[in-house]
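Participant: Generate coordinates for the sequence data below:
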Amino acid sequence: MDLFSLIGKTVLITGASRGIGRACAIALAQAGANICLVLRPPSNPSQDAFAELKDGEDPYIIYADISDTTSVKSVFPRALKAVPGEQIDILVNCAGIQRRAPSVEFSESFWDDVLNTNLKSPFILAQAAGRHMVPRKSGKIINFCSLLTFQGGLTVPAYAASKGGLGQLTKALSNEWSSQGVHVNGIAPGYIETDMNEALLNNPTRLQQLNDRIPAQRWGTPRDFAGPVVFLASQASNYVCGEVLVVDGGWMGR
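Facilitator: Modelled structure (predicted):
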């Protein structure tokens, strides 16, 4: 299983305080990677908050607000100084937000919040990672997209636009960097049991409608992303370039 080993690698990951991001951080650590978390200030995780990381090791932590693109510009340089050997091998852009309102009422502030968090900040981090990884001819970048990378959704115009843009950004960066040994791919979650989907989970009628539409007949859980993220972060995916891996229980295939 050395093909999936991340021993000696360092991961910088956003959005790992809960849900999918947390599950991914734990999986990457258990595959052997050192983990550097980007957490929103004034986050103060307890000592056992990430006890499931490999050998109980504490992660490296960088505090930043991903919605503040000025703050985000300092994240990668600060992370390089914090981690062993001043080297980052894998970037996982998992942080994301959603704002819901009819499009005729959707505010400009909603639009800016979502686009900054879900698209501009991932670009800033990916660009910084590229500047670090391309000269070394080695690296992995994984962007968390969405079913709305492919579909339009309802009353979430900014979210759909941001995730559609992130999917195309993934392909654009892959086109430039694959020949340099830097692999850029995405993961598109389907309907997952996370805080972001709490309203849907608490709506029995809508929940049943969605369950009936999913071939797997269940919602996904954050743990369902452990395998996909380790695969894309490891040498097992060295000829996978510019792909958006859909993890949705079959939703998009129906």
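
Participant: Pull out the buried positions in the longest helix along the chain.
Facilitator: With secondary structure taken from DSSP state H, the chain has its longest helix at helix 157-177. The neighbour-count check on helix 157-177 (16 or more other CB atoms under 10 Å) flags 157-167, 169-170, 173-174, 177 as buried. The C-beta positions use only the backbone N, C-alpha and C, and glycine is treated the same way.

Participant: try stretch 98-115
Facilitator: Quick answer for stretch 98-115 (16+ other CB under 10 Å): 98-99, 106, 110, 113-115.

Participant: so which of the residues you listed comes closest to residue 68?
Facilitator: Using CB to CB, residue 113 is the member of the buried residues of stretch 98-115 that sits closest to residue 68, with 10.4 Å.

Participant: Which residue, other than its chain neighbours, is closest to that closest one?
Facilitator: Spatial nearest neighbour of residue 113, excluding adjacent residues (CB to CB, 6 or more residues apart in numbering): residue 67 at 5.8 Å.

Participant: Repeat that for residue 162.
Facilitator: Closest to residue 162 by CB to CB, 6+ apart is residue 118, at 3.6 Å.

Participant: Look up phi and psi at the one you found.
Facilitator: phi -90, psi -20 (degrees, to the nearest 10).

Participant: Now for it: which residues touch it?
Facilitator: By CB atoms under 8 Å, 6 or more residues apart in numbering, the residues touching residue 118 are 96-97, 158-159, 162-163, 166.

Participant: residue boundaries of the helices in the stretch 101-250 of the chain?
Facilitator: Applying DSSP state H, counting those that start in this stretch to the stretch 101-250 of the chain gives helices spanning 108-115, 121-133, 157-177, 198-201, 204-213, 226-233.
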